[in-house]
Structure formats: structure tokens, C-alpha cells
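Participant: Starting from these lines, generate the structure:
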Amino acid sequence: MGGRGAMRGRRERRTYECDQASHNIAEFSLSDQSGAQRSEPPPFRSACVVLAAGAGTRFGEPKVSVLVRDGVRFVDAIVDIARVVDLAPIIVVGPPRLSLPSGARLVVNPDAKGEQIQSLRLGLAQLVNVPVSGALVWPVDHPYVELASVLAILDAAERSGAPIVVPRSGTRRGHPVFFSRALWPDLMTVPAGGARAVVHAHEREVHEVIVDGSGILRDIDTPADMAGPEEAARDAVP
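Facilitator: So this is what the prediction gives:
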């Protein structure tokens, strides 16, 4: 009984923290947009939120620690690219006691079977007072994304000023996806459907950027998915 009560207490505390962060994000966004007029816009900066708390049920183990190649885990491959392109801060939302490479900060989400939007909200809550233009949201099951694709996404975000920038290869949308700060309140409060619902709600404002690499489509759900470089993105952003 005590264990269940403690778990319920932790869930309620995380819900309260997310609700409070949502309020703070909304206030920060409004004050940032309605404050004194600036002579020039602030420089473009993006954070990175890596969603890595899942149990990896179909894979057979949590994918965050699976090796992409010798000595390099899924999370290492993603953080390496995030550092190269100067994303900061790099927030990894993952399980307790997850070791991370330098330059990344762990935010614990112990609910491995929860909805991915829960992890995203925990990550965004860490950015309330960080002066960034937006965040690149990167699911950990996309470790094969090429450096050139990430650079293209960020360049498109800076040049277009669009609230959402989605990479496309051929006819398919993929990951990671850039969300501007203006849409964080939507991500924190969307009642159902997660980030995908926010993309659909703002479809007319979505900026697609064509990339050459296929890594944006390689959604690794099972060990067999790691064999083929042309694996279709089952959870691609439609």
C-alpha cells in the first residue's frame, strides 16, 4: 500500500511540475513577444530534447543503451551530432541512472511505458528560463540521422522563422523536428495525440526541408530494423 501511495505521489508531483512549467513557458513566451521592441532580433539558438525514456518493448530492451556501432550507443550518436551543431542545452529525458556523454544533461522519467509527450514536457520544463529560439525534438530510436540533415533543419528554422520545421526525404516526413518556442505552450497542454497533434493543428505553418539522407526515416523498433538503411519510418510525421 505504501509503495503504491509513493508511486501515486511521484506521478502527481510530476504532473504538477509539468503544469507549473506549462504556465511558466506560456508567461515567458508572452513576455518575450510583447516586451520592449528590439532594434534587432535575438540570435537564433536551439536546444535539443532527446526522448529516451521508453522501455523498448518491441526491441527487447531500452534502445537508449543499444549500440549503433562498437562503443557507441543510440544516445551517444545523437548527442555527438547535437554537440557538433552547437545545440545547447542538450536535455536527455531517460531512465534513472543513465550515463551520458559530456555536454548532455539527464532529466529522469521513470515511467518507461508512458506516452512520449510526457518526456517531451519534462524536457521543455528545463528550458523555461533558457533563452533559446526553439528546441530540436529527437526520439532516441532515430540514431542514424546524418549531420547534414540536422544542419539543414536548423538552417531552415533560422531562415524561415517557421514554428515547426520537419525534414522530408522523398515523400516521407521524418525526425528530428524543430519546434519554436512559440509552440511550447501547445506541446505542454495538448490534450491528446502528443506532438503529432500539434503538428496537425499548425499544418499550414509547417516548413518542410528536403534532405538527402535516409537517417531521418530510420525508426528502429526491432533489432531487424538495424540491418536495412532504407527502413521506412513507421512513426514518421505525416
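Participant: got the contact list for the most centrally placed residue in the chain?
Facilitator: Nearest to the geometric centre of the chain sits V137, at 2.1 Å (Cα atoms, centre = their mean). Taking Cβ atoms under 8 Å, 6 or more residues apart in numbering, we find V137 in contact with 49, 51, 120, 123, 175-179, 195. C-beta here means a position set from N, CA and C on the backbone, and glycine is covered the same way.
Participant: So which of the residues you listed belong to helices?
Facilitator: 120, 123, 195 (DSSP state H).
Participant: pretty sure the first one is in contact with V190, am I right?
Facilitator: Yep, that's L120 we're talking about. No: counting by Cβ atoms under 8 Å, L120 stays clear of V190, with 10.0 Å between them.
Participant: Between those two, which has more neighbouring residues?
Facilitator: L120 (26 against 17; other Cβ atoms under 10 Å).
Participant: Is V166 in a helix, a strand, or coil?
Facilitator: strand (DSSP: H, G, I helix; E, B strand; the rest coil).
Participant: now it: how far from E205?
Facilitator: Plainly put, V166 is 11 Å away from E205 if you go by Cβ to Cβ, to the nearest Å.
Participant: With neighbour numbers in mind, choose between these two.
Facilitator: More crowded of V166 and E205, by other Cβ under 10 Å: V166, with 22 against 14.
Participant: wait, doesn't the more buried one sit right on V199?
Facilitator: Yes: here V166 reaches V199: they are 7.1 Å apart, a contact under Cβ under 8 Å.
Participant: next structured bit after the host helix or strand of the residue nearest to the centre of the chain?
Facilitator: Using DSSP states H and E, V137 falls within strand 134-139. Proceeding N to C from strand 134-139, the next assigned helix or strand is helix 147-160, under DSSP H and E.
Participant: all strands of this structure, in order?
Facilitator: Secondary structure of the chain (DSSP state E): strands at 46-51, 67-69, 72-73, 90-94, 104-108, 134-139, 164-169, 172-173, 177-180, 206-210.
Participant: any chance of those in a markdown table, plus mean pLDDT?
Facilitator: Formatted as a markdown table, those follow (pLDDT from 0 to 100):
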| stretch | mean pLDDT |
| --- | --- |
| strand 46-51 | 98 |
| strand 67-69 | 94 |
| strand 72-73 | 96 |
| strand 90-94 | 98 |
| strand 104-108 | 98 |
| strand 134-139 | 98 |
| strand 164-169 | 97 |
| strand 172-173 | 96 |
| strand 177-180 | 98 |
| strand 206-210 | 98 |
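Participant: Of the ones you listed, which is nearest P223?
Facilitator: Closest approach to P223 among the strands of the chain (Cβ to Cβ): strand 67-69, 11.2 Å.
Participant: Could you give me the buried positions within that closest one?
Facilitator: V68 (16 or more other Cβ atoms under 10 Å).
Participant: Who are the contact partners of L98?
Facilitator: Counting by Cβ under 8 Å, 6+ apart, L98 touches 52, 64-65, 75, 92, 106.
Participant: which pair in those residues spans the largest distance?
Facilitator: Within the contacts of L98, S65 and L106 form the most distant pair, 12.8 Å apart (Cβ to Cβ).
Participant: How much space separates A112 from R172?
Facilitator: Using Cβ to Cβ, we find A112 at a distance of 28 Å from R172.
Participant: what does I153 give?
Facilitator: 15 Å.
Participant: hang on, the earlier thing: so the strand holding V137 versus strand 164-169, what angle?
Facilitator: 50 degrees (axes from the mean of the first three to the mean of the last three Cα atoms, to 10 degrees).
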